[in-house]
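Visitor: All I have is the shape, not the residue letters:
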């Protein structure tokens, strides 16, 4: 969990005000990550058509999924310090922003997450987000 109190408050605000968009992105991220069959990934795997319109949703989702032990950061630990693996974004308009790399912690957990959350989003709710 990110210990920054401002970051935690931002996550809570995203959940309160953009729950359908947050859920939609989380489901899309896990679905596309599973499609990679164990390969590492960034949030770029979610196409623009499956992203919400708000800012910060990808970061919120990643933090929630990490805290739920569905994904974990990829990197190396040297001298007791963890160094996150990062890749440049390939999405249009992202200007090659650096993105953190993740992996699914458990295929079974990810599949259960999709089973429980994959069909809960109502289109009417998304139009309110």
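Guide: On my side now, so go ahead. Just so we're clear, the structure is a prediction, and the values are computed from it rather than from any experiment.

Visitor: For the residue minimising distance to the centre of the chain, what are phi and psi?
Guide: For the chain, the residue nearest the mean C-alpha position is residue 62 (3.4 Å; C-alpha atoms, centre = their mean). Phi and psi for residue 62, reported as degrees, to the nearest 10, are phi -60, psi -50.

Visitor: Can you give me the distance of it to residue 102?
Guide: Separation of residue 62 from residue 102 (C-beta to C-beta, to the nearest Å) stands at 7 Å. For the C-beta atoms, the positions are set from N, CA and C on the backbone; glycine is no exception.

Visitor: so what's in contact with these two at the same time?
Guide: The contact sets of residue 62 and residue 102 overlap at residue 71 (C-beta atoms under 8 Å, 6 or more residues apart in numbering).

Visitor: Tell me where this protein has helices.
Guide: Secondary structure of the chain by DSSP state H: the helices cover 5-35, 57-67, 107-117, 123-128.

Visitor: Give me whichever of these is most buried.
Guide: Per-stretch averages of neighbours, counted by mean count of other C-beta atoms under 10 Å, single out helix 57-67 among those, with a mean of 19.

Visitor: okay, the angle between that helix and helix 107-117?
Guide: Helix 57-67 and helix 107-117 are oriented at 120 degrees to each other (axes from the mean of the first three to the mean of the last three C-alpha atoms, to 10 degrees).

Visitor: Check the gap between residue 32 and residue 110 for me.
Guide: Distance, residue 32 to residue 110, using C-beta to C-beta: 11 Å.

Visitor: tell me the pLDDT at residue 104?
Guide: If you check residue 104, the pLDDT there is 97.

Visitor: Isn't it up against residue 110?
Guide: Yes: at 5.0 Å, residue 104 counts as touching residue 110 under the criterion of C-beta atoms under 8 Å.

Visitor: Cool, thanks, signing off.
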